[in-house]
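Engineer: Let's see this in three dimensions:
(chains A and B)
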2 protein chains.
Amino acid sequence: MLQLNELSLNIPETTKPRVVIIGGGFGGVNVAKNLPGKEFQIVMFDRQNYHGFWPLLYQVATAGLEPDAIAEPLRKLFDKDYEDFHFRQVKVTSINPESKTVCTLVGELPYDFLIISTGTKSNYFGNKQIKEFSFPLKQIPDALNLRSQLLQSFEQANMIKDPAVRQSLLNFVIVGGGPTGVELAGALAEMRRHVLPSDYPGMDFSKMNIYLVEGMDRVLPPMSAESSETTRKYLEDVGIVVKLNTLVESYDGKTVTFKGGEQIQTQTLIWAAGVSGAQIKGLADTSSERGRYLVNTFNQVNGYTDIFAIGDIAAMKTEKWPNGHPGVAQPAIQQGKHLAKNLKRLVHRETLVPFEYFDKGSLAIIGRNRAVADLPKNLHLTGFIAWIAWLFVHIYYLIGFRNKLVVLANWVYKFFTYENGTRLIIRPFLRKEDLAGQEFVRKQTDLD
Amino acid sequence: MLQLNELSLNIPETTKPRVVIIGGGFGGVNVAKNLPGKEFQIVMFDRQNYHGFWPLLYQVATAGLEPDAIAEPLRKLFDKDYEDFHFRQVKVTSINPESKTVCTLVGELPYDFLIISTGTKSNYFGNKQIKEFSFPLKQIPDALNLRSQLLQSFEQANMIKDPAVRQSLLNFVIVGGGPTGVELAGALAEMRRHVLPSDYPGMDFSKMNIYLVEGMDRVLPPMSAESSETTRKYLEDVGIVVKLNTLVESYDGKTVTFKGGEQIQTQTLIWAAGVSGAQIKGLADTSSERGRYLVNTFNQVNGYTDIFAIGDIAAMKTEKWPNGHPGVAQPAIQQGKHLAKNLKRLVHRETLVPFEYFDKGSLAIIGRNRAVADLPKNLHLTGFIAWIAWLFVHIYYLIGFRNKLVVLANWVYKFFTYENGTRLIIRPFLRKEDLAGQEFVRKQTDLD
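Structural biologist: Just a heads-up that it's a prediction; the model follows:
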């Protein structure tokens, strides 16, 4: 009931340099954790009050985990042990580099150093129809919404009169063969095999189709050719239809049409096809390229010495990484830690040290005992060993003691019982758009 | 995107007697679990796809548990081991006793035996303004919504300019001194003491006020006078302002006015003051009284032999219970099991056995080491022993192996760390009504 003009940022005055961090993802959290409150005042803005472990978001969508298992309140991460740290849950609307201020919905704040770690948002390449009708998977409300959609599709398939419409309820089309699309497809296939037949005894799950659609000539394009090929084989082993070299032309909520004319009837199109940087208004046009801020090896944004970008939103082009680093957690974490050290050097008038990315390799999971890993020195793992590696890496990097325990308990439980436990549809029976021409759950995530 | 007329109930024809159960709460689940699919066809309708353990709902609201810890999918409870059991997630709109059919949003179904176990809904005693502005606590979306409201109040209190408005953000008024109100107030006091000061280091939590308002002259009116008095003392020990003999006159979203004229400024009024039976249209006027169906000792609704009501929606007036049984889980569970046996007797043309309630006692928890228990034979427990009893009873009755483990793990974790882990605000920064004059989260639970 409050109006925006009743609020203000209410950040204490300070004589220390003020570091303003936009975004509490892997990058933002790691820079804040490594900055001493004795030397800096640290202000963090985020539209959410939590830090999410997004590599596991697909497990929330497939009813494997509840949100608290993959998210941690930012105020819990930065508790009273963090001196002169100030979190505000508010949207940043623009940056003013001339006056060195950040503008938010409830007022502006001067900064000495500004760190942009806003990550990415879904990219629909300008197709408004796809944006309106498809299901994204970028945030926790997206995942809960998709989970409800998946489960409601089976409830409705049980009650639909027209067999063609029933088939369209049982066709799931995932667009985008990157890690999100691959892991989501794999989890859906596990549900189809181990969970759903017990929940819906009368239903013929051989009619449930999972399509994974990728525009390039292989899945997991950032990984090695060997891992891509093994992944495609694994996906087909578990009954997923992989469509390579296939681009989506349109989707109207019922029919997806591919370039070339082929069509699939589906009530559920999941959009994991692309992301673009979540940029903020105000920086010079020369500071960014294709949605990402161009940064030097100190993460300084092109044209500025006091504005930094880290993680997915930054493009640090080097000889080894001519297109910038991969859009995964590790570069964000490493850049965050490195930038904290450089900021200390900056205020001590020491020479800045260039960032160097230590590539620990990459992993993807398709299902139980089916995973792929590209490790340094051109080492590739597959099958059970890669799957175990995936489990340990993900538990290790989940931030927060409790989350690890909950995630581990869930996985152990699932392993022994083949059961996903959280199949709760937490919204009304029919999406509200059906009754009142309006859909509130999706709107909720569209406020950005 | 589906229209209602595209759907049908799609229940197979049968020669067995068809039992239709409306509502998958404690009553409905227990009758279905105890009916043999060899002798009956069992159809269950619920607007949700899960069975909830509502006595712990307040823990979801206070960020102690996630929804999956207190809810279990109905299809998981009734998996393929249950022969001829059919669940449909659909709203029942009316009953037609003449044609022996139940009408739903997507079509009607004939029944041989009808069991109404719809429980209760919040009762605002006709006050539309209170219904619009207060926060109910009856369903999982209510609890998530209240959790977001509580956490956002602290975020906003950190940013508000006007000290009077800040105080109204830090005043929490709980209306209703029954078990829900008492346990919620206790959990809020625990948050204030152990969790919030670490999350909001700059905030003065001595200014956070928790009011518990009850119209009668004691809290927990259904319990013994001794337990009521101990509970009031416990509540005041942990700094809750208990206002007895106090009725709410009005609430406009900012100010609650009590009968007599006293006012409190609050942004958060939690309505736990009353419930009424969730009745369904179609039965004769003589079948119910003050929102509950009048039933005989076989749970047959007054005037019908093939329509039964069990649990909170039923009023079985006996010598020992002249106003019917208390509105808690035990009568519903026991009536459900008993009715299943009577239905078998009915089809075997045996004599029905009257229901007798076995009162196991009642429990309420105010906080760690502070609980009260009324046991049979006029035995009263308080303090640590009652608290341990509360823990064991609640874990014992939680349905489903996994839930028990998750709940136990959460409690053990909270006990040793004083930490609530799930402080996630899963909705946008400002409630949408602030920006567009509309509030979608609350609307979601108002569809009923």
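Engineer: Which SSE is immediately downstream of the one helix or strand A:Tyr234 maps to?
Structural biologist: Using DSSP states H and E, A:Tyr234 maps to helix A:225-237. For helix A:225-237, the following helix or strand on the C-terminal side (DSSP H and E) is strand A:241-243.
Engineer: what comes into contact with stretch A:356-368?
Structural biologist: With contact meaning CB atoms under 8 Å, 6 or more residues apart in numbering or on different chains, stretch A:356-368 is reached by A:179, A:182-183, A:185-187, A:189-190, A:220, A:222-223, A:227, A:231, A:234-235, A:238, A:297, A:320-321, A:325-326, A:328, A:330-331, A:334, A:371-376, A:379, A:386-387, A:389-390, A:393, A:415. Using the backbone N, CA and C atoms, a C-beta is placed for each residue, glycine as well.
Engineer: Quick one: mean pLDDT over it.
Structural biologist: In this model, stretch A:356-368 carries a mean pLDDT of 92.
Engineer: Just the buried positions in that stretch, please.
Structural biologist: Neighbour-count burial for stretch A:356-368 flags A:357, A:361-368 (criterion: 16 or more other CB atoms under 10 Å in any protein chain shown).
Engineer: Kindly check the end-to-end length of that stretch for me.
Structural biologist: Taking CA to CA, to the nearest Å as the measure, stretch A:356-368 stretches 34 Å from start to finish.
Engineer: Give me the distance from it to the chain's centre.
Structural biologist: Taking CA atoms, centre = their mean, to the nearest Å, one finds stretch A:356-368 lying 15 Å from the centre of the chain it belongs to.
Engineer: Kindly report the same for stretch A:276-289.
Structural biologist: The answer for stretch A:276-289 is 20 Å, by CA atoms, centre = their mean.
Engineer: Can you tell me, leaving aside adjacent residues, what's nearest to A:Lys344?
Structural biologist: A:Glu39 (6.9 Å; CB to CB, 6 or more residues apart in numbering or on different chains).
Engineer: So for the one you found, what pLDDT did the model give?
Structural biologist: pLDDT, A:Glu39: 97.
Engineer: Could you do A:Val213 as well?
Structural biologist: 98.
Engineer: If it is in a bridge, with which residues?
Structural biologist: A:Val175, A:Lys243 (DSSP bridges).
Engineer: try A:Val102
Structural biologist: Beta-bridge partners of A:Val102, as defined by DSSP bridges: A:Ile95, A:Leu109.
Engineer: Can you give me the neighbour number for it?
Structural biologist: Around A:Val102 sit 24 other residues, with neighbours defined as other CB atoms under 10 Å in any protein chain shown.
Engineer: wait, what's in contact with it?
Structural biologist: Counting by CB under 8 Å, 6+ apart, A:Val102 makes contact with A:20, A:22, A:45, A:92, A:94-96, A:108-109, A:111, A:114.
Engineer: where does it land on pLDDT?
Structural biologist: 98.
Engineer: How about A:Ala389?
Structural biologist: Note for A:Ala389: predicted pLDDT of 89.
Engineer: Quick one: work out the angle between whatever helix or strand it lives in and helix A:225-237.
Structural biologist: Using DSSP H and E, A:Ala389 sits within helix A:383-397. Relative orientation of helix A:383-397 and helix A:225-237, computed by axes from the mean of the first three to the mean of the last three CA atoms, to 10 degrees: 100 degrees.
Engineer: same for helix A:383-397, what does it pack against?
Structural biologist: The helices and strands touching helix A:383-397, judged by 3 or more CB pairs under 8 Å, 6 or more residues apart in numbering or on different chains; DSSP states H and E, are strand A:362-367, strand A:370-375, helix A:401-417.
Engineer: how about A:Glu190, secondary structure?
Structural biologist: Applying DSSP: H, G, I helix; E, B strand; the rest coil to A:Glu190 yields a three-state assignment of helix.
Engineer: And it, how far from chain B?
Structural biologist: 16 Å (CB to the nearest CB, to the nearest Å).
Engineer: What residues are recorded as beta-bridge partners of the residue lying closest to that residue once chain neighbours are set aside?
Structural biologist: Nearest non-adjacent residue to A:Glu190, counting by CB to CB, 6+ apart: A:Gly367, 5.0 Å away. Counting by DSSP bridges, A:Gly367 is bridged to A:Arg370.
Engineer: those strands in the stretch 201-350 of chain A, which residues are they?
Structural biologist: Counting by DSSP state E, counting those that start in this stretch, the segments of the stretch 201-350 of chain A that form strands are A:209-213, A:241-243, A:248-251, A:255-258, A:263-265, A:268-271, A:275-277, A:288-289, A:292-294, A:307-309, A:314-315.
Engineer: which of those strands is buried the deepest?
Structural biologist: Comparing the strands of the stretch 201-350 of chain A by mean neighbour count (mean count of other CB atoms under 10 Å in any protein chain shown), strand A:307-309 ranks first with a mean of 28.
Engineer: who does it touch, helix- and strand-wise?
Structural biologist: In terms of contacts (3+ CB pairs under 8 Å, 6+ apart), strand A:307-309 is packed against strand A:113-116.
Engineer: Tell me how far the strand it packs on lies from the chain's centre.
Structural biologist: 21 Å.
Engineer: mind exporting that strand as PDB, just the C-alpha atoms?
Structural biologist: Written as PDB, here are the backbone C-alpha positions of strand A:113-116 (Å, rounded to 0.1, in the frame of the first residue of the first chain):
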ATOM      1  CA  PHE A 113      33.100   2.700  -7.500                       C
ATOM      2  CA  LEU A 114      30.200   1.100  -9.400                       C
ATOM      3  CA  ILE A 115      30.100  -2.700 -10.000                       C
ATOM      4  CA  ILE A 116      27.500  -3.900 -12.600                       C
END
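Engineer: Which residues does it contact?
Structural biologist: By CB under 8 Å, 6+ apart, strand A:113-116 touches A:17-23, A:27-28, A:31, A:95, A:100, A:102, A:280, A:293, A:301, A:306-310, A:313-314, A:339, A:343, A:346.
Engineer: can you list the residues of the stretch 51-200 of chain A near chain B?
Structural biologist: Residues of the stretch 51-200 of chain A lying close to chain B by CB under 8 Å from any CB of the partner chain are A:66-68, A:71, A:73, A:75-76, A:79-80, A:88-91, A:105-106, A:140-141, A:144, A:151-152, A:155-156, A:158-162, A:165, A:197-200.
Engineer: Tell me the buried residues within the residues you listed.
Structural biologist: Buried among those (16+ other CB under 10 Å): A:66-68, A:71, A:73, A:75-76, A:88-91, A:105-106, A:140-141, A:144, A:151-152, A:155-156, A:158-160, A:165, A:197, A:199-200.
Engineer: Now intersect these with the helices, please.
Structural biologist: A:67-68, A:75-76, A:140-141, A:144, A:151-152, A:155-156, A:165, A:197, A:199 (DSSP state H).
Engineer: Contacts only, for A:Val301.
Structural biologist: A:116, A:283, A:287, A:293-295, A:307-309.
Engineer: ok, of those, which one's closest to chain B?
Structural biologist: A:Ile116 (18.8 Å; CB to the nearest CB).
Engineer: Would you mind measuring from the closest one to A:Pro97?
Structural biologist: 12 Å (CB to CB, to the nearest Å).
Engineer: list residues touching both of the two?
Structural biologist: A:Ile307.
Engineer: Which of the two has more residues huddled nearby?
Structural biologist: Taking neighbours as other CB under 10 Å, A:Ile116 and A:Pro97 compare with A:Ile116 leading, 31 against 17.
Engineer: Point me to the helix or strand that includes A:Ile42.
Structural biologist: Counting by DSSP H and E, A:Ile42 is part of strand A:41-46.
Engineer: How about that strand and chain B, any contact?
Structural biologist: No - Strand A:41-46 does not reach chain B (CB under 8 Å from any CB); its nearest approach is 9.4 Å.
Engineer: what lines up beside the next helix or strand after that strand in the sheet?
Structural biologist: Next helix or strand after strand A:41-46 toward the C-terminus (DSSP H and E): strand A:50-52. Sheet pairing of strand A:50-52 (DSSP bridges) gives strand A:71-73 (antiparallel).
Engineer: This completes my enquiry, with thanks.
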